[in-house]
Structure formats: structure tokens, C-alpha cells
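A.B. asks: Output the structure for:
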Amino acid sequence: MTSNAPQDYNALRQQMSERYESLSKRLRQIAKFAWDNPTIMAMETTAVIAERAGVQPSALIRFAKAFEYSGFSDMQRIFQAHVTDRSASYKERFREAAERDAISSETPGGMLGEYCEANRHALEHLQDETDPESLEQAVALLGNAEFIYVMGQRRSFPVASYIYYNLNHLECRAQLLTGMGGMLLEHADSMAPADVLVAISYSPYSEDTAKVVAAARAKGVPVIVLTDSSLNAIAREATVCFDIHDAEVFNFRSLVASMCLAQALTTALASDRASGNEPRAKTRKRSK
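C.D. replies: Predicted structure coming up:
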């Protein structure tokens, strides 16, 4: 490992995020896989990792050297240290997963068990990986905003609508950006720097959400992003970004972890308001 190579997992993630767009297509593919699967990167052989990532083993070596490691095993030690530091036992999780595979999921009860178990692990990951300072920052942005815009399409829409629902019950001034009547960008154009945008987007990412996020940043509007990878374009524009790994069973992706985070954010905001930490007065008029 050279002195310029990232010395720990967080530093490596930061470099992957900052340099993602400058990497080749193949190296971006590996970066995305490594970002989403640190345990596999830590515990599997080069051949298995390459197969799972859909690349040649030699590409993993090029990826490691792109970040100034002497080889892939040098980089892998960074992932291994991260996994070792985690409080949960990954080997135990793999054992549990193997046991679940031996149980029939063809019955409704078996399917329910699969979903419950997968979502339990997703919630554990959410709790372990969510930065408390990011939560505090997001709640502060919501509490101080004159107006809160919420954007989410397709699979993201239930999360967006739930956040909007809670904000309305907190008597926050908020708008759910749906694009009804083809007026999405016109509605988003009323955003101002004293406001905040909450944008939710999961792969395959919504082009409309990306446009609204870009419009917000161009106006100097803070953006809170809920997404499934901090390497996508929307995440890189975020003031605060939450990287959420919802469960996936039988190719159906859950929203349990996302909904849990949405509930935590809005409940924390409600708690602040109830304790007297009211947001500043809202005086600016809005066009309908």
C-alpha cells in the first residue's frame, strides 16, 4: 500500500465517490459493486468477486491500482478491517442465510419468512451505517426550511408521499412534486435558497428527479437525498445523502428500511417542534 492509497474504509469510499465519474466504465462497475457489497469484497476470493461483479479478475487488480494499492489483496484488507469492526457477525449472517435457503419458500408462510428475514437485515444495516450527524443535519434543514418540497417517482413515490403526509400533519409548508399536468419543472421553479428539497430515487433512477435536484442546486436550495447508492448523480448533488439498502427477495425490492428512515426523520422533526425548537417564521408567499 502506498502512502497515497486510502488508509481506511471511509477514506476509500470517499475517494470512490469523488472519482467515480472519472473512472472507466468497467471500473465504475466495480466501484458500484464494492460500494454495495463490502462484505463480499472482504470475504470472498478474487475469482468469486469478479464473477459476482460481472468482470474479469484482472479488472479488480486495475481497480485496486487506480486507487494506488499495490494489488487487489492490499485493497481487500481495507474491506476486511471494516467488516471486522462491525458489531454484527457476518459469518453468522451467512450461516443464517444458508439455513433459510434450505427451508421451502414456496408456501405463503415461507415467503413471509423470507421477506421478514431480509427486511430485518436491511434494518440492521440501516441502523449500523446511518451517520447520526447526517440525521441531525437533515432534521435541522427540515426544521429551518421556509418550504419543503418532496420528490419521488415510481418505486420512490410511496416514500415521498409518506414524508409529505407526515409533514402536513406537522403543519409544515410542503409540496409533493408529482409533475401533474406536465408542470413539474414549473412547480419546482418556485424553490428558493431558504427552502429544502427531499428527493428519493432508486435504480433505475428517475430522470425527472435528477432534473429537479439539478434545478434545486442551481438555485442554492439544500437537498436531502434518499437513494440506494451514493455513487449516482443525484447523490453527488446532495447536501445530505442517505444510502439505503432495502431488502430484495425474489427480485422484489422492499421499502421497509426507506420507510423507517422517513419515519425517523419526520418524528425527530416533530419532537424538535414539540420541545419548542420551532422553525423560523415563514412569511414568503407562494404561487399555487
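
A.B. asks: For L177, name its beta-bridge partners.
C.D. replies: Beta-bridge pairing for L177 (DSSP bridges): M151.

A.B. asks: Now that it has come up, it's in contact with Y149, right?
C.D. replies: Yes. Judged on Cβ atoms under 8 Å, L177 makes contact with Y149 at a distance of 5.7 Å. All C-beta spots, glycine's among them, are computed from the backbone N, C-alpha and C.

A.B. asks: Mind listing the shared neighbours of these two?
C.D. replies: Common contact partners of L177 and Y149 (Cβ atoms under 8 Å, 6 or more residues apart in numbering): A188, V212.

A.B. asks: now the strands: where do they sit in the stretch 51-200 of the chain?
C.D. replies: 148-152, 174-177, 196-201 (DSSP state E, counting those that start in this stretch).

A.B. asks: What is the last one packed up against?
C.D. replies: Read that as strand 196-201. Helices and strands touching strand 196-201, as assessed by 3 or more Cβ pairs under 8 Å, 6 or more residues apart in numbering; DSSP states H and E, comprise helix 132-144, strand 148-152, helix 157-169, helix 207-218, strand 223-227.

A.B. asks: Same question for the second one.
C.D. replies: Contacts defined by 3+ Cβ pairs under 8 Å, 6+ apart place strand 174-177 against strand 148-152, helix 157-169, helix 184-188.

A.B. asks: can you list contacts of it?
C.D. replies: With contact meaning Cβ under 8 Å, 6+ apart, strand 174-177 is reached by 147-151, 160-161, 164, 167-168, 184, 187-188, 212.

A.B. asks: Could the C-alpha coordinates of that strand be exported in PDB?
C.D. replies: These are the backbone C-alpha positions of strand 174-177, laid out as PDB (Å, rounded to 0.1, in the frame of the first residue of the first chain):
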ATOM      1  CA  ALA A 174     -44.800  21.400   2.000                       C
ATOM      2  CA  GLN A 175     -45.500  20.400  -1.600                       C
ATOM      3  CA  LEU A 176     -45.300  17.000  -3.200                       C
ATOM      4  CA  LEU A 177     -43.900  17.400  -6.700                       C
END
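
A.B. asks: all helices for the protein, in order.
C.D. replies: With DSSP state H as the criterion, the chain has helices at 9-19, 25-36, 38-43, 46-53, 57-66, 72-85, 90-101, 108-129, 132-144, 157-169, 184-188, 207-218, 233-236, 256-274.

A.B. asks: picking up where we left off before, want to try a markdown table for the helices and strands packed on strand 196-201, with mean pLDDT, distance to K32 and mean neighbour count as columns?
C.D. replies: Converted to a markdown table, the helices and strands packed on strand 196-201 look like this (pLDDT from 0 to 100; distance: least, Cβ to Cβ, whole Å; neighbours: other Cβ atoms under 10 Å):
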| stretch | mean pLDDT | distance to K32 | mean neighbour count |
| --- | --- | --- | --- |
| helix 132-144 | 92 | 21 | 17 |
| strand 148-152 | 93 | 21 | 26 |
| helix 157-169 | 93 | 22 | 19 |
| helix 207-218 | 88 | 17 | 18 |
| strand 223-227 | 92 | 12 | 25 |
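
A.B. asks: Bridge partners for the residue most central in space within the chain, pull those for me.
C.D. replies: The centre of the chain sits closest to D243, judged by Cα atoms, centre = their mean, with a distance of 1.9 Å. Counting by DSSP bridges, D243 is bridged to T227.

A.B. asks: go on, the one 10 residues further on?
C.D. replies: With beta bridges defined as DSSP bridges, R253 has these partners: E248.

A.B. asks: Okay, now the unreliable bits of the protein?
C.D. replies: 1-3, 85-106, 250-251, 276-288 (pLDDT under 70).

A.B. asks: okay, now the domains of it?
C.D. replies: With domains defined by automatic domain parsing, the chain comprises 9-85, 132-274.

A.B. asks: ok, back up a step: turn the helices of the chain into a markdown table, columns for distance to A247.
C.D. replies: As requested, the helices of the chain are arranged in a markdown table below (distance: least, Cβ to Cβ, whole Å):
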| stretch | distance to A247 |
| --- | --- |
| helix 9-19 | 22 |
| helix 25-36 | 13 |
| helix 38-43 | 15 |
| helix 46-53 | 18 |
| helix 57-66 | 27 |
| helix 72-85 | 20 |
| helix 90-101 | 12 |
| helix 108-129 | 4 |
| helix 132-144 | 21 |
| helix 157-169 | 14 |
| helix 184-188 | 30 |
| helix 207-218 | 22 |
| helix 233-236 | 20 |
| helix 256-274 | 7 |
